[in-house]
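[1] missing the sequence, but the structure's below:
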Ligand SMILES: OB(O)c1ccc2cc[nH]c2c1
């Protein structure tokens, strides 16, 4: 999988070179490249924003540099992912679906957003997905892109050292939250690990974990059970 990220703050995405993402890149499983939108400007001031038509507070990202950036970076099969508070919710299903793509281009907006004509023109040429990380507003798309990319790449076959660790995660196929987990010591500050987990009775452990997952989901996310 190839991922390109375009931003006026490309250093925000340096974290992607760490941990698993870095390893996957050295193994050739994954190629992640970040790009400075200002490198696609043509004026001496390297302008990326201007005042909004119709008035209003803040600035809007200019169409020209974005058009040049997407022309240069997006392959025919690319999916252009635009993090935005006005997008469709990003869920584990979204991550699963995008993890099967060969090329993702993340367009990280700032200010009041990107000139709508960029999205409209791109939509005539590539698949474009405007996606929200959640019902809150960040100052730009970079943090959302970091979160989405991590959720996506960990699902790419061969990325995770132990694929089995993906099976019983929150928001997995059963739609439940993860059960509570414990490790040594068996007693800590007067709190003991649940007996069943020390029993060696795998059927009983599985049943307890399922029960805990359902109960946790019912308490914290009843919407997932409806
Ligand atoms: O909350 B967000 O995901 C988000 C994404 C993009 C921009 C651009 C300006 N503010 C933004 C917020």
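    Received it, and whenever you're ready, just let me know what you need. Keep in mind it's a predicted model, so treat the numbers as computed, not measured.

[2] so for the lengthiest strand in the chain, mean pLDDT?
    Longest strand of the chain, by residue count under DSSP state E: strand 79-89. Throughout strand 79-89, pLDDT has a mean value of 98.

[3] who touches the residue nearest to the spatial centre of the chain in this structure?
    By CA atoms, centre = their mean, the chain has its centre lying nearest to residue 148, at 0.3 Å. Listed by CB atoms under 8 Å, 6 or more residues apart in numbering, the contact set of residue 148 reads 81, 83, 90, 94-95, 98, 106, 131, 133. Every C-beta, even on glycine, is put in place using the N, C-alpha and C of the backbone.

[4] quick one, longest helix in the protein?
    Taking DSSP state H as the criterion, the chain has its longest helix at helix 202-220.

[5] after the helix or strand of the chain with the lowest mean pLDDT, next one along is what?
    One helix or strand of the chain scores below all others by mean pLDDT, DSSP states H and E: helix 19-26, with a mean of 72. Next helix or strand after helix 19-26 toward the C-terminus (DSSP states H and E): strand 31-36.

[6] tell me the buried residues in the longest strand of the chain?
    79-85, 87 (16 or more other CB atoms under 10 Å).

[7] give me the residues contacting stretch 196-212.
    168, 179-180, 182, 186, 194.

[8] what is the lowest-pLDDT residue among these?
    Comparing pLDDT over those, the lowest score belongs to residue 168 (69).

[9] among the buried residues of strand 79-89, which two are most distant?
    Farthest-apart pair in the buried residues of strand 79-89 is 79 and 85; separation 19.6 Å (CB to CB).

[10] please list the residues of the chain that sit near the ligand.
    Where the chain comes near the ligand, counting by CB under 6 Å from any ligand atom, the residues are 83-85, 109-110, 113, 132-133, 137-141, 144.

[11] ok, those residues vs residue 216, which is closest?
    The closest of the residues of the chain next to the ligand, once distances to residue 216 are taken by CB to CB, is residue 133, at 22.6 Å.

[12] in this protein, which spans are helices?
    Along the chain, counting by DSSP H, helices occupy 19-26, 63-73, 92-98, 116-123, 142-153, 202-220.

[13] one step back: got TSV for the contacts of stretch 196-212, with neighbour count too?
    What follows is the contacts of stretch 196-212, written out as TSV (neighbours: other CB atoms under 10 Å):
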residue	neighbour count
168	17
179	19
180	14
182	13
186	12
194	13
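
[14] got those as CSV, with distance to residue 38 columns?
    Shown next, in CSV, are these (distance: CB to CB, whole Å):
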residue, distance to residue 38
168, 44
179, 47
180, 47
182, 49
186, 56
194, 55
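
[15] which pair of those residues spans the longest distance?
    168 and 186 (21.8 Å).

[16] on that earlier part again, closest to residue 55 among the contacts of residue 148?
    Taking CB to CB as the measure, residue 55 lies nearest residue 83 of these, at 25.6 Å.

[17] who's in contact with the closest one?
    Taking CB under 8 Å, 6+ apart as the test, what residue 83 contacts is 106, 108-109, 131-133, 141, 144-145, 148.
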